[in-house]
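Asker: give me the fold of what follows.
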Amino acid sequence: MAYTYGFCSSPSISFNQRSFNHSIVSQSRTPQLRITQISLQDSVSEVTHNLDPKTSTLSPVTDDKKRSYIWVNPKNPKASHFRKKSYESRYSSLINVAESLNSCLPTEEDVFNILNSNLGSKLGEQDGVIILNNMSNPQSARMVLKYFQERCNLNRETILYNVTLKVFRKSKDLVGAEKLFAEMLQRGITPDNVTFSTIIGCARLRSLPTKAVEWFERMPEFGIQPDNVTYAVMIDCYGRVGNVDMALRLYDRSRTEKWRVDTVTFTTIIKIYGSTGNFDGCLTVFEEMKALGVKPNLVCYNTLLDAMGRAKRPWLVKSIYQQILSDGLTPGWATYASLIRAYGKSRYGDDAINVYKEMKSKGFELNNVLYNTLLSMCADIGFIDEALEIFNDIKSSTNCQPDSWNFSSLITIFSCCGKVKEAEATLKEMIEAGFDPNIYVLTSLIQCYGKVNRTDDVVNTFEKIIELDITPDERSCGCLLNVMTQTPKQDLHKLTKCIQKANPKLGNLVTLLVDSNIEDESFKNEASEILGDIGDDVRKAYCNCLIDLCINLDQLEKACDLLDLGIRVGIYSDIQTKSSTNWSLNLKSLSLGAALTALHIWMNDLTKAIEEGEELPPLLGINTGHGKHKYSEKGLAGGVESHLKELSAPFHESSEKVGWFLTTKVAVKSWLEGRRVTAMAVV
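Answerer: Numbers count the residues shown, from 1 in each chain. Next up, the predicted model:
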């Protein structure tokens, strides 16, 4: 029996609570007549999926029905005669008729001839139900329906239409299904839940969720209450049309009312949660799905991979991929694409390159989007050789050719390494391929020339930006600031003029700083105004560069003012952390100049604490992070270590905690006291 549920409130539709009384059609005890036991009131799953005589549950099983299946002794001389009159024999012959109709020409003459020759005069309405239920040719099915309409006294015409609609659903013929529905109404036939669920299923198979929603929301017009199967299907459809609230509302109901939800619907919910940033929700739905015994398919896994990639959880991406292999599924193009996007976004370079190689070895072609993802990752983490291999692969590909982003990423890689000839050669190749250099490319060249102290070329490239009528953006100004931190003092004025053109307010501040012609208070006010005006994505880079420039110009007090300003406006946080057991200096997010400034301030704080009689924690540490700079042999840890040696500070690299320099309170107190005595002696 199909059960009905009340629908949750919705601004667009509402359903009244209804219940259907499922009548039981009187049964004959004659075996060959069991074929008539299909109720008009049965649900879609019962009517259209359970017509096999061995598994049918079309109506409640009674003792009479059980007795209607009579065992025939195979040794009985009349056994073959009894079998010919059995229900199974009749059912098999009707299936054969359906197969003949599927393969014949869809003309009334051919269809009617097959039916006349096989059914004879003993024609029953139930014969039509079984024949249509086993057909796959919608044109012929429509004629079969007409045949039975013209020759039978129909009491359950809705079922005949429903099984005919099922044939249209099999062939994904939504237009034909809609025309058949219109005919139903013209003949005065009342549709039921099965009618709508079949058409909705057809729209879903055609990937037309908007159509499915339209048909679902027509059900109240006919006083029809959807069953839980239809509701469950609509979770997917509402999700696909973007009605997230309705989809999630229905999904919540499915959990409490225990609807049967399929893999496609679970996949849609995972996709919804992923698109809204609820990545934990994605994992919860996936686990619920498995707990209910619904097996994820490759599309479901790919959707989850995409979500975890956007969440930057590459360790979960690895685990999900292993589950795919464990389930015996074969990764497809979409799977590898999801892996490349996930690893590329998280900068898991080795994993991304391994997936790329595996993808190529299996004959999959990458598109420009995936190539750009890989090259962008290579540019960020300094994979020079890998980037060249990928770029050459693009050029030899039959599927795509290098685009402007491919060239830009390669120029960026060469620029970060200071490989001027290679960067210039790639730029030339880019122009010959028909792509004009954009602000991104020209900014990379500025960085390249600055790295090898070719200041005049930096200026010329900036002038090129102006000549091309390209407005310098915040990143190009930040690049000029970064170049200034690497430029000899005598050439700084060339760069200040460029910054003045790009950002007059910033240019004025930098000019006064270089000329040592600005007071501390004015410097803090102007720096505060500039950092307040620029975007959040570049504020830390600007502040780091300005501090580095101050250190290079021996203006430590201004560097300290900038660091303090950065802390107050939220650019930096948790630089110092203090507890009863340790006092740490965290430098991982700072440039070298900013790190040395923070170290200077920390030393002063330690000295002040000792002078005021404060008891230091037993352990003190400096955390620089453990990686070398991607384009340099010497990272932040190396720079800080060198400075500590210059100061003869008693910090030593930890053998257990990579990137940490540790000392004890006894050692640091002795060192600071020695510095104080030395300073007093000098005075």
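Asker: pLDDT score assigned to the closest residue to residue 502 other than its chain neighbours?
Answerer: Closest residue to residue 502 apart from its sequence neighbours, by CB to CB, 6 or more residues apart in numbering: residue 472 at 3.8 Å. Placement of C-beta: from N, CA and C, glycine included. On pLDDT, residue 472 comes in at 91.
Asker: now residue 472: phi and psi?
Answerer: phi -60, psi 130 (degrees, to the nearest 10).
Asker: likewise residue 662?
Answerer: phi -120, psi 160.
Asker: ok, the closest residue to residue 146 other than its chain neighbours - how many residues close by?
Answerer: Distances taken as CB to CB, 6+ apart put residue 108 closest to residue 146, at 7.7 Å, once the chain neighbours are dropped. Residue 108 is flanked by 12 other residues according to other CB atoms under 10 Å.
Asker: unless I'm mixing things up, residue 108 is touching residue 145, no?
Answerer: No - contact criterion CB atoms under 8 Å: residue 108 and residue 145 do not qualify, at 11.8 Å.
Asker: what are the ranges of the helices in the stretch 451-600 of the chain?
Answerer: For the stretch 451-600 of the chain, the helices defined by DSSP state H, counting those that start in this stretch cover 455-467, 474-484, 492-502, 504-514, 520-533, 536-552, 556-568, 592-611.
Asker: right, and the ones you listed - which one's nearest residue 267?
Answerer: Closest to residue 267 of the helices of the stretch 451-600 of the chain, according to CB to CB: helix 536-552, at 33.5 Å.
Asker: could you pull up phi and psi at residue 623?
Answerer: phi -110, psi 110.
Asker: return the residues in contact with the residue nearest to it when sequence neighbours are not counted.
Answerer: On the basis of CB to CB, 6+ apart, the spatially nearest residue to residue 623 that is not a chain neighbour turns out to be residue 586, at 4.9 Å. Residue 586 makes contacts with 574, 575, 576, 577, 623, as judged by CB atoms under 8 Å, 6 or more residues apart in numbering.
Asker: among these, which are located in strands?
Answerer: Those of the contacts of residue 586 mapping onto strands are 576, 577, 623, per DSSP state E.
Asker: got any ranges where this protein has weak pLDDT?
Answerer: 1-89, 626-634, 679-683 (pLDDT under 70).
Asker: ok, 50 please
Answerer: The chain contains residues with pLDDT under 50 at 1-69, 82-83, 628-629.
Asker: go through stretch 356-376 and flag the buried ones.
Answerer: 356, 359, 364, 366, 368, 370, 371, 372, 373, 374, 375, 376 (16 or more other CB atoms under 10 Å).
Asker: filter these down to the ones in helices?
Answerer: 356, 359, 368, 370, 371, 372, 373, 374, 375, 376 (DSSP state H).
Asker: farthest pair in the residues you listed?
Answerer: 359 and 376 (17.2 Å).
Asker: residue 429 and residue 410 touch, don't they?
Answerer: No - Residue 429 is not in contact with residue 410 according to CB under 8 Å; the separation is 9.2 Å.
Asker: for these two, indicate the residue with more neighbours.
Answerer: When neighbours are counted by other CB under 10 Å, residue 429 and residue 410 differ, and residue 410 comes out ahead with 27 against 15.
Asker: next up, the contacts around the more buried one.
Answerer: 375, 379, 387, 388, 391, 426.
Asker: ditto for residue 424
Answerer: For residue 424, the contact set (CB under 8 Å, 6+ apart) comprises residue 445.
Asker: and if you look at the one 3 residues further on?
Answerer: Contacts for residue 427 were tallied using CB under 8 Å, 6+ apart; they are 407, 411, 437, 441, 445.
Asker: surely it is in a strand?
Answerer: No - using DSSP: H, G, I helix; E, B strand; the rest coil, the assignment for residue 427 is helix, not a strand.
Asker: so it versus residue 357, what's the distance?
Answerer: 28 Å (CB to CB, to the nearest Å).
Asker: how far does stretch 330-350 sit from the chain's center?
Answerer: On the basis of CA atoms, centre = their mean, to the nearest Å, stretch 330-350 sits 11 Å off its chain's mean C-alpha point.
Asker: over to stretch 123-143?
Answerer: Centroid displacement of stretch 123-143 relative to its chain, using CA atoms, centre = their mean, is 44 Å.
Asker: just the C-alpha atoms of it, please, in CSV.
Answerer: Extracted as CSV, the C-alpha positions of stretch 123-143 are listed here (Å, rounded to 0.1, in the frame of the first residue of the first chain):
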residue,chain,number,x,y,z
LEU,A,123,-9.1,-9.8,-25.0
GLY,A,124,-8.7,-8.4,-21.5
GLU,A,125,-7.9,-5.0,-20.2
GLN,A,126,-5.2,-6.6,-18.1
ASP,A,127,-3.5,-7.9,-21.3
GLY,A,128,-3.0,-4.3,-22.4
VAL,A,129,-1.4,-3.4,-19.0
ILE,A,130,1.1,-6.1,-19.2
ILE,A,131,1.9,-5.6,-22.9
LEU,A,132,2.4,-1.9,-22.5
ASN,A,133,4.4,-2.3,-19.3
ASN,A,134,6.9,-4.4,-21.3
MET,A,135,7.2,-2.1,-24.3
SER,A,136,9.9,0.4,-25.2
ASN,A,137,8.7,1.9,-28.5
PRO,A,138,6.5,4.9,-27.7
GLN,A,139,5.0,5.2,-31.2
SER,A,140,3.8,1.6,-31.2
ALA,A,141,2.7,1.9,-27.5
ARG,A,142,0.4,4.8,-28.4
MET,A,143,-1.3,2.5,-31.0
